[in-house]
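>>> With the sequence up front, the predicted model follows.
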Amino acid sequence: MRNLSLVHGATRKRLRIAWSERALPENRARTAKAGSLHTLPSRFAAEKEWLGRGWLGEGWPGIRELYRKAEFFRQLPDDALFEFVSISERFVCPGAALILREGQEPANILLLLEGKVKLSLNSSDGRRLILGFASPGEILGLTSAVSGYPYEVTAEAQFPCTISSLPRQSFLDFLLRAPVACENVAQQLGFENRRTIEQLRTLGLTQSAPARLAKLLLEWCAESTRTLNGMQIQCSFTHGEIGELIGTTRETISRCMNDFKRRGLVAQRGTALLVPNCAALAAYAGVGLTPDPGASAA
């Protein structure tokens, strides 16, 4: 029997989680949704326990495929992947659930398998700065997970997420036995450092709010759909959340966005934003554009 604490909105729910060690792997699972528990694939016993029951022939391929989708596991040898699955457990958390909190001790390693997680910093007066979003294959709060210091960020599920969890010491021991996993950890640390530097460059070296907003939109353009009318951005963020991404207020974002629309630099198409001319947006805001993501749009 274990306790799982989730925060959904402003409500904290403490759930008691239990599973039978004699149950089949397909049934040993937990998911927290609306305060109730449901079964999904979860932790696994040692290989020898399930060989006679055909687990490797029936359940393992699906589990292996799920983990291989995550960047951390793509180059991991099968035996190392099998070991990781056997010493970890999976759970599903709903969207808007608080997965880890800034200042919390890193007792467990939380690795995102599916979904999207918002990473943020919070000030003492309640302001929030969104640092970025974790994708499948990232270890949440990796710096603290490795160092043992309290988490420096808060992680919140943007959508329903599948997370693999194991005790911190078990993970550190696993790294000693799996050199490829050590390399993956080093790569993620480098990626997180680059993400932080880019955020600092935007906040510290880009002076005006319109320039910061334009820079953010241009970054989104690089990962968006190119159409005949320009770059189409699928944006699910509110103006308040966009403000938290670039260190300004919701009101400022609304004013800047209205100004961009009035000048024909941005258009609204339902939940999508259309940038007809990336070079024009960059020139108006006084930010660099190399390369122009919309240069080849006809």
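Arrived safely.
>>> and residue 229, how many residues sit next to it?
Residue 229 has 14 neighbours, counted by other CB atoms under 10 Å. (Glycine included, C-beta is placed from N, CA and C.)
>>> right, and it touches residue 273 too?
No. Between residue 229 and residue 273 there is no contact under CB atoms under 8 Å: 11.9 Å.
>>> residues contacting residue 177?
Taking CB atoms under 8 Å, 6 or more residues apart in numbering, we find residue 177 in contact with 80, 83.
>>> Roughly how far does residue 77 sit from residue 139?
19 Å (CB to CB, to the nearest Å).
>>> okay, those two: which has more neighbours?
residue 139 (22 against 12).
>>> quick one, what contacts the closest residue to the more buried one other than its chain neighbours?
Leaving aside its sequence neighbours, residue 139 sits nearest to residue 111 (CB to CB, 6 or more residues apart in numbering; 5.1 Å). Residues near residue 111 by CB under 8 Å, 6+ apart: 70, 72, 88, 137-140, 163-165.
>>> Over to residue 212?
Listed by CB under 8 Å, 6+ apart, the contact partners of residue 212 are 202-203, 206, 246-248.
>>> Just among those, which is most surrounded?
Result: residue 246 is most packed of the contacts of residue 212 (other CB under 10 Å), 22 neighbours.
>>> Next, count neighbours for residue 264.
11.
>>> Residue 122: which of the contacts of residue 212 is nearest?
residue 247 (13.1 Å; CB to CB).
>>> All the helices of this structure, residue numbers only.
Using DSSP state H, the helices of the chain run over 47-51, 55-58, 60-68, 78-87, 142-147, 168-177, 179-205, 209-221, 239-246, 250-262, 278-285.
>>> Any chance of CSV for those helices, columns distance to residue 96?
Converted to CSV, the helices of the chain look like this (distance: least, CB to CB, whole Å):
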stretch, distance to residue 96
helix 47-51, 36
helix 55-58, 35
helix 60-68, 23
helix 78-87, 28
helix 142-147, 22
helix 168-177, 26
helix 179-205, 22
helix 209-221, 22
helix 239-246, 12
helix 250-262, 18
helix 278-285, 31
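>>> Out of those, the one nearest residue 127 is which?
The nearest among the helices of the chain, by CB to CB, is helix 239-246 at 8.2 Å.
>>> now that closest one against helix 250-262, angle please.
100 degrees (axes from the mean of the first three to the mean of the last three CA atoms, to 10 degrees).
>>> can you list the contacts of residue 111 in a markdown table and add pLDDT and distance to residue 157?
Converted to a markdown table, the contacts of residue 111 look like this (pLDDT from 0 to 100; distance: CB to CB, whole Å):
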| residue | pLDDT | distance to residue 157 |
| --- | --- | --- |
| 70 | 84 | 16 |
| 72 | 89 | 18 |
| 88 | 93 | 18 |
| 137 | 87 | 16 |
| 138 | 91 | 13 |
| 139 | 93 | 15 |
| 140 | 94 | 10 |
| 163 | 93 | 9 |
| 164 | 93 | 14 |
| 165 | 94 | 14 |
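>>> Now do the residue nearest in space to the middle of the chain against residue 68, distance only.
Geometric centre of the chain, nearest residue: residue 134, 2.1 Å, by CA atoms, centre = their mean. The gap separating residue 134 from residue 68 is 18 Å, by CB to CB.
>>> ok, back up a step: what does the model give the residue nearest to the centre of the chain for pLDDT?
Predicted confidence (pLDDT) for residue 134: 90.
>>> before we move on, the earlier item: which of the contacts of residue 111 lies closest to residue 284?
For the contacts of residue 111, the nearest to residue 284 is residue 138 (34.5 Å; CB to CB).
>>> Need phi/psi at the closest one.
Main-chain dihedrals, residue 138, degrees, to the nearest 10: phi -90, psi 140.
>>> shouldn't it be in contact with residue 99?
No. If you go by CB under 8 Å, residue 138 and residue 99 don't touch, sitting 11.9 Å apart.
>>> CA atoms of stretch 67-75 as PDB?
Backbone C-alpha positions of stretch 67-75 (Å, rounded to 0.1, in the frame of the first residue of the first chain) are rendered in PDB as follows:
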ATOM      1  CA  TYR A  67       9.300   2.800 -23.800                       C
ATOM      2  CA  ARG A  68      11.200   3.000 -27.100                       C
ATOM      3  CA  LYS A  69       9.000   6.000 -28.000                       C
ATOM      4  CA  ALA A  70      10.800   8.000 -25.300                       C
ATOM      5  CA  GLU A  71      14.200   9.500 -26.200                       C
ATOM      6  CA  PHE A  72      15.900   8.200 -23.100                       C
ATOM      7  CA  PHE A  73      15.200   4.600 -24.100                       C
ATOM      8  CA  ARG A  74      15.800   4.600 -27.800                       C
ATOM      9  CA  GLN A  75      19.400   3.500 -27.700                       C
END
